[in-house]
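structural data only, the sequence is not supplied:
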C-alpha cells in the first residue's frame, strides 16, 4: 500500500511517477524497497489518468452510503426465524423425555 501512497504523493506534487522517485519516497519513510513491486506499480500506472481514477473511486465509494437506508428494511425479514409446527415440538419433547428415562 505504501507504494500506491508514494505514487499518489508524486502525482500530487506534479513529479514523474517513476521507479527512482518511488524508491526515494519509500526509503525516506524508512521502508524497505521491493524492486518487483516498484516495477509492477510503475508499469500498471502507465497511461492511467490518476485524476479520473480518483474521481471514479470517489463516486463508487459514495454510492453504497446512499443505499444504506434501504438495508435495515430488509434486515428484519432475513432475521425472522421460521416457527416450528407444534407437532415437531411435541416430537422433540417426547424424544427428550425418552432420553431422560435412560439416564434415570
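Received the coordinates, thanks. Remember, it's a predicted structure, so these values are computed and weren't measured experimentally.

helices of this protein, start to end?
2-13, 19-28, 35-45, 50-67, 70-79, 86-102 (DSSP state H).

lowest-confidence stretch among these?
The minimum mean pLDDT among these belongs to helix 70-79 (a mean of 56).

quick one: residues contacting residue 22.
3, 6, 7, 10, 38, 41, 42 (Cβ atoms under 8 Å, 6 or more residues apart in numbering). C-beta coordinates here come from the backbone N, C-alpha and C atoms, glycine included.

got the contact list for residue 29?
residue 2.

if any of the contacts of residue 22 are buried, give me the PyMOL selection for them.
Remark: buried members of those, expressed as a PyMOL selection using 16 or more other Cβ atoms under 10 Å:
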select buried, resi 3+6+7+10+38+41+42
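
from the contacts of residue 22, which two are the most distant?
By the measure Cβ to Cβ, 10 and 38 form the most distant pair in the contacts of residue 22, at 12.0 Å.

mind checking how far residue 41 is from residue 48?
11 Å (Cβ to Cβ, to the nearest Å).

residue 31 too?
Residue 31 is 23 Å from residue 48, by Cβ to Cβ.

ok, now residue 10?
On the measure of Cβ to Cβ, residue 10 and residue 48 end up 13 Å apart.

now residue 42
Here the criterion is Cβ to Cβ. By it, residue 42 lies 11 Å from residue 48.

what of residue 25?
In terms of Cβ to Cβ, residue 25 sits 18 Å off from residue 48.

who has more neighbours, these two?
Neighbour count, other Cβ atoms under 10 Å: between residue 25 and residue 48, residue 25 has more, with 19 against 11.
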